[in-house]
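>>> Any chance you can model this:
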Amino acid sequence: MTRTSDPDWLSLSLTMGQFKAMKTVAMFGPQPVGELGRRLGLSEPAASLLADKLEELGLAVRKRDPEDGRRSLVTLTPEAVELAATLLQGRREQLERWLGALETEELEGLIRGFRGLLRVADAEDAAATPAGDASASPSAEAHLG
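Residues are numbered from 1 along each chain as shown. Got it, this is the predicted structure:
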């Protein structure tokens, strides 16, 4: 999916780490630096440096956590939210073009393959989830509608 690059993607002047940090906050919402680090597999000091850089670039701010005033949350700026949405939309449009060009039997094969992947993912989730945990993931069929 990286063969065709979107002009928005090419104009980014972010390191991969900065991009991953921005996307992580976009996906999971405002979070403490330590949580950002855990999600990225980084130490808290390294995650703090990434958050500092995002702040310098105008892509993030640190705001007081309303639930715990002793800590701050890394939060995306409106510019970063817009950038993330633009990049996502570009990828969606590209994927829609590709899927639209497939023959019916090719699409059906993809659907079967994705159902198989979701079945395996659900089985792994079920094996990792303690018995009786109501937060277990929905079935593969629910993902595909």
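>>> Now do the helices in the protein.
7-10, 16-28, 33-40, 44-56, 78-100, 104-128, 140-144 (DSSP state H).
>>> and Pro30, how many neighbours?
When neighbours are counted by other CB atoms under 10 Å, Pro30 registers 18. Heads up, the C-betas are built off the backbone N, CA and C, glycines and all.
>>> Please disregard the earlier target; I meant Thr86.
For Thr86, the count of nearby residues is 13 (other CB under 10 Å).
>>> Nearest to Asp68 among the helices of the chain would be which one?
Of all these, helix 33-40 sits nearest to Asp68, with 12.3 Å by CB to CB.
>>> and the angle from that closest one to helix 16-28?
100 degrees (axes from the mean of the first three to the mean of the last three CA atoms, to 10 degrees).
>>> pLDDT (mean, whole number) over helix 33-40?
Helix 33-40 shows a mean pLDDT of 96.
>>> Tell me which residues are up against that helix.
The contact list for helix 33-40 (CB atoms under 8 Å, 6 or more residues apart in numbering) reads 17, 20-21, 24-25, 28, 31, 42-44, 46-48, 50-51, 62, 72, 74.
>>> what do you get if the cut-off is 7 Å, keeping everything else the same?
With contact meaning CB atoms under 7 Å, 6 or more residues apart in numbering, helix 33-40 is reached by 20-21, 24-25, 28, 43-44, 46-48, 51, 74.
>>> Okay, angle between it and helix 44-56 too, please.
100 degrees.
>>> ok now helix 33-40, how far from the chain's centre?
Its chain's C-alpha centre and that of helix 33-40 lie 13 Å apart, by CA atoms, centre = their mean, to the nearest Å.
>>> Just the buried residues of it, please?
Judged by neighbour count (16 or more other CB atoms under 10 Å), helix 33-40 contains these buried residues: 33, 35-37, 39-40.
>>> Could I get the buried residue list for the lengthiest strand in the chain?
Looking across the chain with DSSP state E, the single longest strand is strand 68-76. Within strand 68-76, the residues that count as buried by 16+ other CB under 10 Å are 72-76.
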